[in-house]
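Novice: can't give you the sequence, but here's the structure:
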Ligand SMILES: [Zn+2]
């Protein structure tokens, strides 16, 4: 055993512990220091994974998909390395391996499930070659990053070429992900939803993949699921949605989510059409790797979503649902999830414009807020640094809202005098503070 490797691993652990004591997360710092002490650390540890390494990429749904896959593998009796906290750039990935290593410097793991930020794939893949890449979808993140989809696709394409034997699992309903898979030489498999689920199609929604990536012609759609996801084809060059290998059918969203895939009936206790994709991706990845899916529903039942992914709190008799909505596609999906609950409710929307949120909030105009008219909302409160912009956005579609600059006061007021059913939608930098406020309130009850 190389002594520098041991020092790198011990240092990473020490940093993590020191940061925890002082209340900081410290995950990326641990990885950064370990990598600088011993640059081959990631390569060597990743090579010690006994079976397969999965990486999960894509704009939305990465963390849920990756953590659910990891939970599923653990439930099958495996030891798994996973970057649960969502630290998904190079240092975060290094950290996941370093912090899983034993004090003797070796890794004891059957599988690795690693979520990687799309742009970081080209920095991570020189260190190890994954067996599988799950690509959830490619959406535009915020308006001020417009045009970055092409850059992201080029980076992913380069990453795929770095690991030519890596098998891809892509969302067939997303023409961008599918094109990437078809355009590269890696073997690929697809998942998707072939039945039309939503009858009312909103034609105003901005859709990313409107033009064929292969020939540039305008794409035709038999139907949309949401955003650019749906059954598409190019009338000019013949590029079209492939028939998915893992195809969800008999979808029922009346009580949580239920659907069939292959010979399995899947039942999950969460809302949100997008979660069907996350579950399908996990089911597909596990099946591709030859892992039996018998106990799949049990794992779904036990799964605790991450911060702000359908996170539930109970405070003085009020059910509070916290959800992260950081871009138009994610926001539209969250509105859809709110709409499937027909009982009276209060809604709080928090919009910040810090650099991680995107400083330009004009993306709010791409979200279909007019649908909230039919949400049976007895009140809508807007808050956050750009609460006033949010209020204006709602006013534009004739929806009245109250402005309360203090999120804590907004929540307290609805718990005291509300419908006992509260939805809180926040964008990125509001997530942790709102989560902590709700956690504190729940503890006090
Ligand atoms: Zn075409």
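Specialist: Yep, that arrived. Only a predicted model underlies this, so the values are computations on that prediction, with no experimental measurement involved.
Novice: Can you show me the strands along the stretch 301-445 of the chain?
Specialist: For the stretch 301-445 of the chain, applying DSSP state E, counting those that start in this stretch gives strands covering 311-315, 318-324, 345-350, 377-383, 402-403, 421-426.
Novice: Repeat that for the stretch 101-250 of the chain.
Specialist: In the stretch 101-250 of the chain, the strands defined using DSSP E, counting those that start in this stretch lie at 111-115, 132-135, 167-171, 188-193, 220-226, 229-233, 246-252.
Novice: Give me the mean pLDDT for the shortest one.
Specialist: Meaning strand 132-135. The pLDDT scores in strand 132-135 average 98.
Novice: go on, the first one?
Specialist: Taken as a whole, strand 111-115 carries a mean pLDDT of 98.
Novice: returning to that earlier point: so can I have a markdown table of the strands of the stretch 301-445 of the chain showing distance to the ion, mean pLDDT and mean neighbour count?
Specialist: C-beta coordinates here come from the backbone N, C-alpha and C atoms, glycine included. Formatted as a markdown table, the strands of the stretch 301-445 of the chain follow (distance: least, C-beta to the ion, whole Å; pLDDT from 0 to 100; neighbours: other C-beta atoms under 10 Å):
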| stretch | distance to the ion | mean pLDDT | mean neighbour count |
| --- | --- | --- | --- |
| strand 311-315 | 41 | 91 | 18 |
| strand 318-324 | 35 | 94 | 22 |
| strand 345-350 | 39 | 97 | 25 |
| strand 377-383 | 42 | 97 | 21 |
| strand 402-403 | 47 | 96 | 13 |
| strand 421-426 | 37 | 96 | 24 |
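Novice: Any chance of TSV for the ones you listed, columns distance to residue 198?
Specialist: Output for these, formatted as TSV (distance: least, C-beta to C-beta, whole Å):
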stretch	distance to residue 198
strand 311-315	25
strand 318-324	19
strand 345-350	21
strand 377-383	21
strand 402-403	30
strand 421-426	20
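Novice: Out of those strands, flag the one nearest residue 60.
Specialist: Checking those against residue 60 by C-beta to C-beta gives strand 318-324 as the closest, at 9.8 Å.
Novice: Please compute how far the closest one lies from its chain's middle.
Specialist: In terms of C-alpha atoms, centre = their mean, to the nearest Å, the centre of strand 318-324 is set 17 Å apart from its chain centre.
Novice: and it with strand 345-350, angle?
Specialist: Angle, strand 318-324 to strand 345-350, by axes from the mean of the first three to the mean of the last three C-alpha atoms, to 10 degrees: 40 degrees.
Novice: Against which helices or strands is strand 318-324 packed?
Specialist: strand 311-315, helix 328-339, helix 407-417, strand 421-426, helix 431-444 (3 or more C-beta pairs under 8 Å, 6 or more residues apart in numbering; DSSP states H and E).
Novice: and the angle for that strand with helix 328-339?
Specialist: In terms of direction (the same axes, to 10 degrees), strand 318-324 departs from helix 328-339 by 160 degrees.
Novice: Partner strands of strand 318-324 and their direction?
Specialist: Partners of strand 318-324 in the sheet, by DSSP bridges, are strand 311-315 (antiparallel), strand 421-426 (parallel).
Novice: what's it in contact with?
Specialist: 307-314, 330, 334, 337, 411, 414-415, 418, 420-428, 431, 434-435, 438 (C-beta atoms under 8 Å, 6 or more residues apart in numbering).
Novice: What's the mean pLDDT across stretch 270-285?
Specialist: 92.
Novice: Which parts of the stretch 151-300 of the chain are helices?
Specialist: 175-183, 274-288, 296-302 (DSSP state H, counting those that start in this stretch).
Novice: The shortest one - contacts with which helices or strands?
Specialist: If I follow you right, that is helix 296-302. Looks like helix 296-302 contacts helix 62-75, strand 264-268, helix 274-288 (3+ C-beta pairs under 8 Å, 6+ apart).
Novice: what does the second one give?
Specialist: On a contact count with 3+ C-beta pairs under 8 Å, 6+ apart, helix 274-288 meets helix 62-75, strand 132-135, strand 167-171, strand 188-193, strand 246-252, strand 257-261, strand 264-268, helix 296-302.
Novice: ok, residues contacting the shortest one?
Specialist: Strand 132-135 is touched from outside by 52-58, 65-66, 69, 156, 159-160, 163, 166-171, 177, 180-181, 186, 281, 284-285, 288-289, with contacts defined as C-beta under 8 Å, 6+ apart.
Novice: Show the buried residues in these.
Specialist: Buried by 16 or more other C-beta atoms under 10 Å: 52-58, 65-66, 69, 156, 159-160, 163, 166-171, 177, 180-181, 186, 281, 284-285, 288-289, out of the contacts of strand 132-135.
Novice: that older thread, and among the helices of the stretch 151-300 of the chain, the most buried is which?
Specialist: helix 274-288 (a mean of 25; mean count of other C-beta atoms under 10 Å).
Novice: Next, the angle from it to strand 188-193.
Specialist: Using the same axes, to 10 degrees: helix 274-288 against strand 188-193 is 150 degrees.
Novice: Please work out which residues outside helix 274-288 touch it.
Specialist: Identification of contacts with helix 274-288 by C-beta under 8 Å, 6+ apart yields 54, 56, 60-61, 64-65, 68-69, 72-73, 132, 134, 136-137, 167, 169, 171, 173, 189, 191-193, 226, 245-246, 248, 251, 257, 259, 261-262, 264, 266, 268, 293, 296, 300, 310, 330, 333.
Novice: Quick one: distance of stretch 250-266 to the chain centre.
Specialist: Averaging C-alpha positions (C-alpha atoms, centre = their mean) puts stretch 250-266 20 Å from its chain's average.
Novice: can you tell me which residues contact the residue lying closest to residue 250 once chain neighbours are set aside?
Specialist: Spatially, and ignoring its direct neighbours in sequence, residue 250 is nearest to residue 260 (4.9 Å; C-beta to C-beta, 6 or more residues apart in numbering). With contacts defined as C-beta under 8 Å, 6+ apart, residue 260 is in contact with 248-250, 266.
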